[in-house]
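K.L.:
Generate coordinates for the sequence data below:
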Amino acid sequence: GSPKPAKEAEPAPAAPAKEEAEAETEAPKAAAAPASPAGRPRPQLQRTARSKLIAGFEDGSVKLADVLPAAAASTLARRNEKAEKQATLGRSAAQALQRNRVMNETVATERAYVAYLATLREVFIEPLRAAHILDEQQMRDVFGFVEVIEGINRTVVLEKLEQWAPDGPLTPGDVFDAFTSQAGYLQSYSSYVNNFDDSRTRLAELQESVKPFAEFLEKAQHNPRCGGLTLEAFLIMPVQRLPRYVLLIKELLKATPESNADHAKLARALEVMKGLTASINHKKSEQEQRAMVRLVQSQLAGLTEDLMGVVSRRLVREGVMSLVPDASAPVAFEQHKRQLYLFDDLLVVARAAVDIKGRHRVETVLHMRDVHATTTRSAGTLVLVVVCQAAAEKCFAFVGQSNDDTQDWADEIQRNTQGLKRRMSSFA
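P.N.:
I've put the predicted structure just below:
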């Protein structure tokens, strides 16, 4: 029952003498391998070779065929070509989906837009005309060409849009090309948008002055078809729709590759719509300038010429400066204050104080073609010196509310004078 003693481990058999000799022979070879030129490259050499290979691919000095067998290179090229085709097909599919999305949005919003214009005509325009509440001139003042716009949008734009289908023969470019080529439509739109501010002003005046009109609007605007919208809300819709067309065409263009034949049509339609928008903005700016000139004229007494007589005249700057009797000895700003109006062709100087009608009394009107402006300093104060060459070298000196203000006036007058001279020379 007592435990047996552990068996002693037997010693490993000794290696044959031949194997020992071979091991001793191989050991020096293994030790010498890293230093042998014919041995495996060191890691640093491997990294250098790899860097050179990458650089060669990047600069084009090394081709795929240089490092791969011909068969392997051909297989890799085919795989790359297949991957590129799949990527192209994926992009094309995504672009087609985007075009369809934009066109579906265009159709839906155009239907709603035309429905609103029909409500404007049927709930407001036709009943007003039938009841003879406003005369024809007053109707034109308020509604302009909105009936023409509604007719073209219904019979041309919406009709074309509803003919479009994702797989149909009519493309988005065909649709937009159809109505951007309508000269009468574009002209009516331009006229309507340009006159919208006047239309809105006239609407407010008639609501105040024509009681039956105010009563009609109160009742019509509660019509369920109006959805709680006022007449003014309906009238502004064509103004808001125009920039929406521009955005929709831009979205379509982004999703249409240049290789697609529709790209040129959409690009042409976009240029037409952008040109129309730019023309409207320019005319609107002109109208605003005319309104500003008219307002200034109403604020002046003793004018010797009609400021509205030049259609293109625009107001550049207005403000208060102090007329200095002696440019070499400027007085305090509060003394001899004058109201100045700088137009692109005139400088009007008037008294800052107003008469009982709230108007400034005009002292002089200088034509910019005869004006030379410069600045000088007196006791640290910057003085604007304006010389009128047509009035026996008559000279005026002004001081602004600060030296910077005086310099700004001098810069504006000089720019104006130079611009006028360039315009006059172009007509010569």
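
K.L.:
Outside of stretch 355-362 itself, list whatever touches it.
P.N.:
Stretch 355-362 is contacted from outside by 298-304, 339, 348-354, using Cβ atoms under 8 Å, 6 or more residues apart in numbering. Where you see a C-beta, it was placed from the backbone N, CA and C, and this is true even at glycine.

K.L.:
Kindly report the same for stretch 291-308.
P.N.:
Stretch 291-308 is contacted by residues 290, 313-315, 318, 341, 343, 346, 348, 350, 355, 357-362, 365 when judged by Cβ under 8 Å, 6+ apart.

K.L.:
Could you write me a PyMOL select line covering just the buried ones among these?
P.N.:
One line in PyMOL is enough to select the buried ones among these; burial here means 16 or more other Cβ atoms under 10 Å:
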select buried, resi 313+315+341+343+346+348+350+359+360+362+365
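
K.L.:
Neighbours of Gln137, how many?
P.N.:
8 (other Cβ atoms under 10 Å).

K.L.:
Would you double-check that it falls in a helix?
P.N.:
Yes. The assignment for Gln137 is a helix, going by DSSP: H, G, I helix; E, B strand; the rest coil.

K.L.:
ok so, going back, so which of the contacts of stretch 291-308 sit within strands?
P.N.:
If you go by DSSP state E, the contacts of stretch 291-308 have Leu315, Glu318, Tyr341, Phe343, Leu346, Val348, Ala350, His360, Arg361, Val362, Val365 in strands.

K.L.:
Please identify which pair of those lies farthest apart.
P.N.:
Spatial extent of the ones in strands among the contacts of stretch 291-308 (Cβ to Cβ) is set by the pair Leu315 and Arg361 at 19.0 Å.

K.L.:
Tell me the gap between stretch 107-119 and the middle of its chain.
P.N.:
How far stretch 107-119 lies from its chain's middle: 26 Å, per Cα atoms, centre = their mean, to the nearest Å.

K.L.:
what does it contact?
P.N.:
Stretch 107-119 is contacted by residues 146, 149-150, 153-154, 157-158, 161-162, 164, 225-226, 229, 234, 237-238, 241, 244 when judged by Cβ under 8 Å, 6+ apart.

K.L.:
what do you get if the cut-off is 6 Å, keeping everything else the same?
P.N.:
Glu150, Asn153, Arg154, Leu158, Leu161, Arg225, Met237, Arg241 (Cβ atoms under 6 Å, 6 or more residues apart in numbering).

K.L.:
Adding distance to Arg415, write those out as JSON lines.
P.N.:
Formatted as JSON lines, the contacts of stretch 107-119 follow (distance: Cβ to Cβ, whole Å):
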{"residue": "Glu150", "distance to Arg415": "46"}
{"residue": "Asn153", "distance to Arg415": "44"}
{"residue": "Arg154", "distance to Arg415": "49"}
{"residue": "Leu158", "distance to Arg415": "49"}
{"residue": "Leu161", "distance to Arg415": "48"}
{"residue": "Arg225", "distance to Arg415": "54"}
{"residue": "Met237", "distance to Arg415": "40"}
{"residue": "Arg241", "distance to Arg415": "38"}
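
K.L.:
Please check the residues you listed and keep the buried ones.
P.N.:
Glu150, Asn153, Arg154, Leu158, Leu161, Met237, Arg241.

K.L.:
Run through the helices of the stretch 151-300 of the chain in chain order.
P.N.:
Along the stretch 151-300 of the chain, counting by DSSP state H, counting those that start in this stretch, helices occupy 158-163, 172-180, 183-194, 196-209, 211-220, 231-235, 237-254, 262-298.

K.L.:
mind listing the strands for the stretch 301-428 of the chain?
P.N.:
For the stretch 301-428 of the chain, strands defined by DSSP state E, counting those that start in this stretch occupy the ranges 315-323, 337-343, 346-354, 360-367, 371-378, 381-388, 394-399.

K.L.:
Minimum distance to Ala261: which of these has it?
P.N.:
Nearest of those to Ala261, taken as Cβ to Cβ: strand 315-323 at 48.5 Å.

K.L.:
rewinding a little: biggest separation within the contacts of stretch 107-119, which pair?
P.N.:
Greatest spacing in the contacts of stretch 107-119, by Cβ to Cβ: Leu161 and Arg225 (22.7 Å).

K.L.:
for the stretch 51-200 of the chain, which spans come out with low pLDDT?
P.N.:
Residues of the stretch 51-200 of the chain meeting the criterion pLDDT under 70: 53, 57, 60, 62-90.

K.L.:
can you put the helices of the stretch 151-300 of the chain in JSON lines and add distance to Gln401?
P.N.:
Listed next are the helices of the stretch 151-300 of the chain as JSON lines, based on distance: least, Cβ to Cβ, whole Å:
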{"stretch": "helix 158-163", "distance to Gln401": "58"}
{"stretch": "helix 172-180", "distance to Gln401": "51"}
{"stretch": "helix 183-194", "distance to Gln401": "37"}
{"stretch": "helix 196-209", "distance to Gln401": "33"}
{"stretch": "helix 211-220", "distance to Gln401": "47"}
{"stretch": "helix 231-235", "distance to Gln401": "41"}
{"stretch": "helix 237-254", "distance to Gln401": "39"}
{"stretch": "helix 262-298", "distance to Gln401": "20"}
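
K.L.:
Which one, of the ones you listed, ends up nearest to Ser322?
P.N.:
helix 262-298 (20.5 Å).

K.L.:
That closest one to strand 346-354, inter-axis angle?
P.N.:
Helix 262-298 runs at 50 degrees relative to strand 346-354, counting by axes from the mean of the first three to the mean of the last three Cα atoms, to 10 degrees.

K.L.:
Now do helix 262-298: distance to the chain's middle.
P.N.:
The chain centroid and the centroid of helix 262-298 are separated by 13 Å under Cα atoms, centre = their mean.

K.L.:
State the mean pLDDT of that helix.
P.N.:
Over the span of helix 262-298, the pLDDT mean works out to 90.

K.L.:
If you count neighbours, what's buried in that helix?
P.N.:
By 16+ other Cβ under 10 Å, the buried positions in helix 262-298 come out as 262, 265-266, 268-270, 272-273, 276-277, 280, 289, 293, 296.
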